[in-house]
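[1] no sequence for this one, just the structure:
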DNA sequence: TATTGTTATACTCTATAACTATA
DNA sequence: TATAGTTATAGAGTATAACAATA
């Protein structure tokens, strides 16, 4: 089996397992990624966030409605240009992100269970180089862009 | 970034790139995986194939219609039980699989470009152990099972 | 009655384009 | 006129359940 196939296979598996785990927090992978991005860069406009994640702005709306409805983020109207909303994570949002962090660590531990600590570091170094070589944005999952099958 | 996240990120990226490449052959990842499975185990019934790939049998039908319409596979009615069809790759199907193999090698070369041959081997060993630990079927991409986001 | 493959149906997710309110 | 965010719409992909043929 090629490395590329193993990456695709393990990636789909890891994504599915992660979705199950954060499902117990009432979240989904896209919501989690957005919450993370909003917390990391406060005051982004929706256009900016859409560009960062690589998705059409219209697709963002329902996700943000969802996050806002749960009190995880808020949209504040930009006074300088009232067409724009500035996005912020709420206190509840950052608390939730901490819980997501715990889940992520447990998930990583589960996925890499058969490897020693040294092997995990070596793996991270190899994967990191591949990701950098292909220009993948740190922390942004390409699942936001549609891949038709 | 955790190994699990890097795997998910790179997996989605690799899957997308592969889809683009085999798109030039007029194929998609699910069609390719099915053709491979049918060629690897001739005379499977549709139920057996569905079980192997982890998808509902009803979902198989349209894909098989497509493959059969292109002359890549054929359904032969099983004389012992005329409800069942036995699946076979045609000569054109196995030819196409050879072309897919060429594409896969080029794709793998592209994905692992920044790594030396020794590093590629080490990566394959690490990934193979993870896949085995989680009981992933050799050569079967879990993308056949729906992951809701 | 049970099983194989097929079809019908309903649901989710998506991109595109039209819309509104502001500029 | 142009732009930010929103809504409408249509298309693709999916699982479930109903169906016809065969056992």
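    Noted; the coordinates are in hand. Note that the coordinates shown come from a computational prediction; the quantities given were computed from them, not determined experimentally.
[2] what does chain A put close to DNA strand C?
    Neighbours of DNA strand C within chain A, by C-beta under 7 Å from any atom of the strand: A:30, A:55-56, A:58-59, A:62, A:81-83, A:145-146. (C-beta placed from N, C-alpha, C; glycine too.)
[3] ok, which pair from those is furthest apart?
    Greatest spatial distance among the residues of chain A next to DNA strand C (C-beta to C-beta): A:82 and A:146, at 31.7 Å.
[4] the more surrounded of these two?
    Between residue A:82 and residue A:146, counting by other C-beta atoms under 10 Å in any protein chain shown, residue A:146 is the more crowded of the two (12 against 8).
[5] in chain A, what residue lies closest to chain B?
    Proximity of chain A to chain B (C-beta to the nearest C-beta) peaks at residue A:11, 1.3 Å away.
[6] state the pLDDT value of that residue.
    Listed pLDDT for residue A:11 reads 94.
[7] who's in contact with it?
    Residue A:11 makes contact with B:7-12, B:14-15, according to C-beta atoms under 8 Å, 6 or more residues apart in numbering or on different chains.
[8] and the two most separated of these?
    Between all members of those, the farthest pair (by C-beta to C-beta) comes out as B:7 and B:15, at 11.9 Å.
[9] who has more neighbours, those two?
    Higher neighbour count among residue B:7 and residue B:15: residue B:7, with 27 against 24, using other C-beta under 10 Å.
[10] including secondary structure, could the residues of chain A next to DNA strand C go into a markdown table?
    Formatted as a markdown table, the residues of chain A next to DNA strand C follow (DSSP: H, G, I helix; E, B strand; the rest coil):
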| residue | secondary structure |
| --- | --- |
| A:30 | helix |
| A:55 | coil |
| A:56 | coil |
| A:58 | helix |
| A:59 | helix |
| A:62 | helix |
| A:81 | coil |
| A:82 | coil |
| A:83 | coil |
| A:145 | coil |
| A:146 | coil |
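[11] looking at those residues, spot the one nearest residue A:130.
    Checking the residues of chain A next to DNA strand C against residue A:130 with C-beta to C-beta, the nearest one is residue A:145 at 18.4 Å.
[12] what pLDDT does the closest one get?
    With respect to pLDDT, residue A:145 has a value of 68.
[13] follow-up on the earlier one: just the ones in helices from the contacts of residue A:11, please.
    The members of the contacts of residue A:11 that map onto helices under DSSP state H are B:7-12, B:14-15.
[14] and residue A:98, that one's in a strand?
    No - under three-state DSSP, residue A:98 falls outside any strand and is assigned helix.
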